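Engineer: Need coordinates for the below:
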Amino acid sequence: MTRSIKFTKMHGAGNDYIYVDTTRYPIENPEKLSKKWSAPHTGIGSDGLVLIGRSDKADFSMRIFNADGSEAKMCGNASRCIGKYLYDYKLTSKTEITLDTLSGIKILKLHATGDKVDTVTVDMGIPSDEPVNYDGKGSKPMTEHPIEIDGIRYTGTTVSMGNPHLVIFVNDITKADLSSIGPKLENHPLFPDRINVEFAQVLEEGKIRMRVWERGSGVTQACGTGACATAVAAFLTGRAGRKSIIVMDGGTLTIEWDIATKHVFMTGEATKVFEGEMETDEEL
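Structural biologist: Okay, the predicted model is just below:
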């Protein structure tokens, strides 16, 4: 038995996901469906699947499944797209929305022109320590860790933005072979739950070029939590101030680490690519 599910493909700075309103189209097995739909040639093609649902804690809820079927706790680009989805499809008239995620309640501030949202600011919360197995002595929170891969020594800063990140600053980002080194760092023994990896280069004051290997998805055009982690790491290591412009393959985000609240605020565009309908087996 098959049934049709309506979806919308959206991207934030090139980080593209498939969005489904589960209040209309319940999905029983999102892990399998995310793998099937995310495939670039036999599916829709995306970095994963995002489910929009109800919540008894917030206005709406968000669940994120990577292209390999694993579930992520948080995605900044996806949360911005959800804000646009809800407003543009008239599921809400609010310009400030609370969103229930696995990493807590996030607040979205929508910046609209007429009846369409252009950009969204997300309160990403307070960055926290990312525990690692470091020399068997526990974690060294948000500090620089030496890691050796294939005889090459890297120094990375670990930061959690609701999901784990390893930020490595380099002098020339064009020399970073992300597709080769990314999976090795993601699965390094230091990180028992795997980790997202960012390579970053400070271009000029306030501007940082960043590329990302996402846990469970591989090389992607952008990563919202990764941009936040990069901005935090840049401040902690004295490479930037509290406000940074993060330039990624797919676009640019503005990240500000507020000194008063200690919260990180991310602002960027959200874009609808297309909408469609897919038939799927009920067993999915």
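
Engineer: okay, CA-based contacts and neighbour counts for the rest of this
Structural biologist: OK.

Engineer: quick one: contacts for the spatially most central residue of the chain?
Structural biologist: In the chain, the centroid-proximal residue (C-alpha atoms, centre = their mean) is Cys75; its distance is 3.2 Å. Neighbour list for Cys75: Ile64, Cys223, Gly224, Thr225 [criterion: C-alpha atoms under 8 Å, 6 or more residues apart in numbering].

Engineer: and these, which of them are in helices?
Structural biologist: Among the contacts of Cys75, the ones falling in helices (DSSP state H) are Gly224, Thr225.

Engineer: So which elements touch the helix or strand where Met62 lies?
Structural biologist: Using DSSP states H and E, Met62 maps to strand 60-66. With contacts defined as 3 or more C-alpha pairs under 8 Å, 6 or more residues apart in numbering; DSSP states H and E, strand 60-66 has these neighbours: helix 30-38, strand 48-53, strand 71-72, strand 96-101.

Engineer: Tell me which of the ones you listed is the most buried.
Structural biologist: Stretch with highest mean neighbour count among the helices and strands packed on strand 60-66: strand 48-53 (a mean of 26; mean count of other C-alpha atoms under 10 Å).

Engineer: Which neighbouring elements make contact with that one?
Structural biologist: Applying 3+ C-alpha pairs under 8 Å, 6+ apart, one finds that strand 48-53 contacts strand 15-21, helix 30-38, strand 60-66.

Engineer: What pairs with the last one, parallel or antiparallel?
Structural biologist: Going back to what we said before, that points to strand 60-66. Sheet pairing for strand 60-66, assigned by DSSP bridges, gives strand 48-53 (antiparallel), strand 71-72 (antiparallel), strand 96-101 (parallel).

Engineer: Which neighbouring elements make contact with the helix-or-strand element of the chain with minimal mean pLDDT?
Structural biologist: The weakest-scoring helix or strand in the chain, judged by mean pLDDT, DSSP states H and E, is strand 144-149 (a mean of 86). Judged by 3+ C-alpha pairs under 8 Å, 6+ apart, the packing partners of strand 144-149 are strand 152-160, helix 178-186.
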